[in-house]
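A.B. asks: Coordinates for the following, if possible.
(one chain, ligands or ions: 1)
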Amino acid sequence: EPVDNAPAIVIGSGYGGAVAALRLGQAGIRTLVLEMGRLWNTPGSDGKVFCSTAAPDQRSMWFRTRTEAPLSTFLWLDVVNKDISPYPGVLDRVHFADMSVYVGRGVGGGSLVNGGMAVTPLPSYFSEQFPTVDAGEMYGTYFPRARSMLGVNTVDPAWFESTEWYRFTRISRKHAQRTGLRTTFVPNVYDFGYMQREAAGTATRSALGQEVIYGNNHGKRSLDKTYLASALGTGNVTINTMERVRAVHRAADGTYVLTADRIDTTGTVVETKEYGCTYLFLAGGSIGTTELLVRARETGTLPALDASVGTGWGTNGNVMLGRANHLWDTVGANQSTMPVMGIDDWANTANPVFAEIAPLPTGLEHWVSLYLAITKNPQRASFSYDAGTDKVGLGWTAAQSAVSVAMAKKLFDRINLANATIYRYDLFGSSSKAFADDFTYHPLGGCVLGKATDDYGRVKGYPKLYVTDGSLVPGSIGVNPFVTITALAERTMARVLVEDTAP
Ligand code: FDA
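C.D. replies: Next comes the predicted model:
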């Protein structure tokens, strides 16, 4: 017997979950959101909710004894990562055999830890990836709706040109231009007015205080300040934190029954709960949602799930790399953590790449230009269930990552040639590693729209079961993905609330 019931349950409070919760709440449907991470609203003993990348503590990572930052070394020295005590920290790195995936944990999901880059994909590539979705409707209605709800804004160009905090970006732009490459400003959800006050010394530093992947204490319009605040404001939405859903089945009457473990701050399961609902929205992110569904199909709790559940996964072609600049090309000791520019070579059909000019804020001049390249890697992988361990694995291989590296290398070899520069080999652990290809920030796919679901995210074979998160995106979208995830969720909710929830 379920101990608690709500008409609608949403699993996860990232982009897909936040959109679902708000639109359900506004429609007058009582909704319960289950989130495995914390609510990040209580200051620690230092008066801050989040810790910075310069001084990570237990708040940084999800149950670790040592941090696992994307840049593991500097001058090959193990100076980046720090010992911490296990705690439900805000950033997780989920390890699979040959790929690990960074994800946010907490109310707001990835919005708590990401770089805030709010990029709308090229219409041509969106249509290539989503041939059955009406692009006119997306670009006319749902992308604008997502951007306005997320609080997207752009850096003031005059301030950008003059501030020391974006010198690192201007240097990378100069090198791209010298190569004949196009650069483009990228919008962000970080409040640039606030950032200018940080620079002026009239506001507490956050983006200018080395805060980002372990959370921002100020300035960032994360989902807890936008969609989720509005969702709670409807009076119909409740969020239960530190509750991890581990199983889903469908009862004889067609309702869904969930099993959730409630944990304490040591990670101990203190209670196992059952919830029942009529409408179930899966929004645990590409990894979280796909894992739940693959396990449900393979253990027979949702046996009719389509064979394509667990397929079509990709890394958005992510590769990180650094270039070593000449001594006269200083990048500055002071760097904002919010990226505002990309090198856009996506139109180069022989080798499409969009590379974010990334910060490396250490408080010291280091002459490194850092990039997160998004390549058009066509490789995809599948998830599989191991009954012996009850674990869901991911079949992505090192050879598949090598495809992303080759594409990134082609672009950055050109940039190095034009500027007589070289790669940095000291940033990613081993002595000869110039490209970090063993992690992604952009996990996409697993329950692809139109394959595992219908064209609106309704899961095939299971009425009133929906996917609204990054698992709908078929492995690649060519730009940073959260605007696309948000807009697709808006489109799903608009359709579902009209067609599926009528009494
Ligand atoms: P998301 O991962 O946001 O949310 C899922 C939530 O569900 C999490 O809070 C999780 O804890 C919870 N959950 C999962 N399984 C659960 C279960 N079984 N029970 C209960 N809760 C569960 N994108 C971008 O567009 N611009 C950018 O600048 C960046 N930068 C960036 C930096 C870093 C460091 C990271 C890690 C990621 C980015 N991204 C990004 C990617 C972006 O953050 C990501 O694409 C979205 O957060 C994905 O949104 P979803 O709604 O799919 O899931």
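A.B. asks: Quickly note the distance from the residue lying closest to Ala118 once chain neighbours are set aside to the ligand.
C.D. replies: In space, Ala118 comes closest to Val152 once its chain neighbours are excluded; the distance is 4.3 Å by Cβ to Cβ, 6 or more residues apart in numbering. All C-beta atoms are positioned from the backbone trio N, CA, C, and that covers glycine. Applying Cβ to the nearest ligand atom, to the nearest Å, the value for Val152 to the ligand is 11 Å.
A.B. asks: Surely Val152 and Pro187 touch.
C.D. replies: Yes. Applying Cβ atoms under 8 Å as the test, Val152 and Pro187 come out as touching, 4.8 Å apart.
A.B. asks: which residues sit in contact with the residue nearest to Ala118?
C.D. replies: When contacts are counted by Cβ atoms under 8 Å, 6 or more residues apart in numbering, Val152 touches 118, 187-189, 483.
A.B. asks: from the residues you listed, which two are the most distant?
C.D. replies: Spatially, the most separated pair among those is Asn188 and Val483, at 10.9 Å (Cβ to Cβ).
A.B. asks: Overlap in contacts, these two.
C.D. replies: With contacts taken as Cβ under 8 Å, 6+ apart, Asn188 and Val483 have 118, 152 as neighbours in common.
A.B. asks: what about these two, which has more around it?
C.D. replies: When Asn188 and Val483 are compared for neighbours, Asn188 comes out ahead with 28 against 24, by other Cβ atoms under 10 Å.
A.B. asks: what pLDDT does the more buried one get?
C.D. replies: Here, the pLDDT recorded for Asn188 equals 98.
A.B. asks: ok, now which ones touch the nearest residue to it once chain neighbours are set aside?
C.D. replies: Take Asn188 and drop its neighbours on the chain: the residue closest to it by Cβ to Cβ, 6+ apart is Gly116, 4.4 Å away. When contacts are counted by Cβ under 8 Å, 6+ apart, Gly116 touches 188-190, 220-221, 338.
A.B. asks: Check the contact lists of Val152 and Pro187 and give me the overlap.
C.D. replies: A shared contact of Val152 and Pro187, defined by Cβ under 8 Å, 6+ apart, is any residue touching both; here these are Ala118.
A.B. asks: Can you give the contact residues for the longest helix anywhere in the chain?
C.D. replies: As assigned by DSSP state H, the longest helix anywhere in the chain is helix 398-419. Contacts of helix 398-419 from elsewhere in the structure, counted by Cβ under 8 Å, 6+ apart, are 98-99, 175-176, 178-181, 315, 317-319, 321, 323, 326, 343, 345, 351-353, 355, 371, 373, 375-379, 381, 421-423, 435, 437-438.
A.B. asks: What mean pLDDT does that helix get?
C.D. replies: Computed over helix 398-419, the average pLDDT equals 98.
A.B. asks: same thing with stretch 244-253?
C.D. replies: Predicted confidence along stretch 244-253 averages 97 (mean pLDDT).
A.B. asks: Tell me the spacing between the residue nearest to Ala118 and Gly89.
C.D. replies: 27 Å (Cβ to Cβ, to the nearest Å).
A.B. asks: pLDDT score assigned to the residue of the stretch 101-250 of the chain found nearest the ligand?
C.D. replies: The stretch 101-250 of the chain approaches the ligand most closely through Gly110 (2.0 Å), counting by Cβ to the nearest ligand atom. The score at Gly110 is 98. That number is its pLDDT.
A.B. asks: all helices of the chain, in order?
C.D. replies: For the chain, the helices identified by DSSP H occupy 15-26, 123-129, 135-137, 143-150, 157-162, 167-178, 192-200, 227-233, 285-298, 398-419, 482-499, in order along the chain.
A.B. asks: hey, which of those is tucked in deepest?
C.D. replies: helix 15-26 (a mean of 29; mean count of other Cβ atoms under 10 Å).
A.B. asks: Tell me the residues on the chain that lie near the ligand, please.
C.D. replies: Applying Cβ under 6 Å from any ligand atom, one finds that the chain approaches the ligand through 11-16, 34-37, 102-106, 109-110, 113-117, 213, 244-245, 283-286, 288, 292, 441-442, 469-470, 480-482, 485.
A.B. asks: taking those residues one by one, which sit in strands?
C.D. replies: Secondary structure from DSSP state E places 11, 34, 102-104, 244-245 of those in strands.
A.B. asks: what's the closest of those residues to Ile263?
C.D. replies: Relative to Ile263, the closest of those is Arg244; by Cβ to Cβ it sits at 6.8 Å.
A.B. asks: Next, count neighbours for that closest one.
C.D. replies: Residue crowding around Arg244 was assessed by other Cβ under 10 Å; the count is 18.
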